[in-house]
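Novice: Sharing a model prediction with you, sequence too.
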Amino acid sequence: MTTSQKTPWLLRPARAEEAARLSDIALASKAHWPYPAAQLERWRGDLTVEPAQLDERYARVAEVDGEVAGFVIIVPPQADANAEWLLDHLWVVSAHMGRGIGRALLMAARQLAAAQGASTLHIDADPYAEAFYQAFGAQRIGAIAAPIEGQPERQRPQMRLTTG
């Protein structure tokens, strides 16, 4: 896309009344990967966005033609001001994947964290998303065991993305 072309989406702050829609997007986006329905249901709580979270955290949505096409939420450190910020959610509606929305949301998260003085974002990544984050400079710093039925050796990559 050249600089003279209009971006086909709008990034804006998320609103508390959008929490249910964002939760639906997170669950549907996770289902884009080959996880069994029963496993997705077990993750429903982790993928649920509460209205209060949108007031307490830094959250942005990508809108396409007036509809939410994806969102990102980052969390500042709780106690230690020098601790890493956390990329809590980054989800894009499957129909909008591959259009640069995920990149735009990740860059917005990076900029939001940097504006608050953070030098890095910690990403507890889904194994299927690791290559996406690496494409934008995130480095794998470890992994944690995350076995699920049928994948006893599954691990979640732990990643770090600099904000500068």
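Specialist: Alright, I've got the coordinates.
Novice: contacts and neighbour counts: CA atoms only from here.
Specialist: Fine.
Novice: Look up how far Gly150 lies from Arg13.
Specialist: No Arg there; residue 13 is Pro. Spatial separation of Pro13 from Gly150 under the definition CA to CA, to the nearest Å is 38 Å.
Novice: err, Ile141, not the other one
Specialist: 25 Å.
Novice: element containing Leu161, please.
Specialist: Applying DSSP states H and E as the criterion places Leu161 in strand 155-162.
Novice: on that earlier part again, who's more crowded, Pro13 and Gly150?
Specialist: Pro13 (15 against 9; other CA atoms under 10 Å).
Novice: Tell me who's in contact with the nearest residue in space to the more buried one that is not next to it in sequence.
Specialist: Spatially, and ignoring its direct neighbours in sequence, Pro13 is nearest to Arg60 (4.4 Å; CA to CA, 6 or more residues apart in numbering). Residues near Arg60 by CA atoms under 8 Å, 6 or more residues apart in numbering: Leu11, Arg12, Pro13, Ala14, Phe71, Val72, Ile73, Leu105, Ala108.
Novice: again, but for Val92
Specialist: With CA under 8 Å, 6+ apart, Val92 has these contacts: Ile25, Ala26, Ser29, Ala69, Gly70, Phe71, Ile101, Gly102.
Novice: just checking, which of those residues belong to helices?
Specialist: Per DSSP state H, helices hold the following members of the contacts of Val92: Ile25, Ala26, Ser29, Ile101, Gly102.
Novice: how close does the last one sit to Val61?
Specialist: Computed as CA to CA, the Gly102 to Val61 distance reads 10 Å.
Novice: what does the third one give?
Specialist: When distance is defined by CA to CA, Ser29 is 14 Å away from Val61.
Novice: Neighbour count for these two, which is higher?
Specialist: For Ser29 versus Val61, neighbours defined as other CA under 10 Å are more numerous around Val61 (27 against 19).
Novice: and the more buried one, that's in a strand?
Specialist: Yes - checked against DSSP: H, G, I helix; E, B strand; the rest coil, Val61 lies within a strand.
Novice: How about it, nearest residue that isn't a chain neighbour?
Specialist: Residue nearest to Val61 in three dimensions, not counting chain neighbours: Phe71, with 4.1 Å by CA to CA, 6+ apart.
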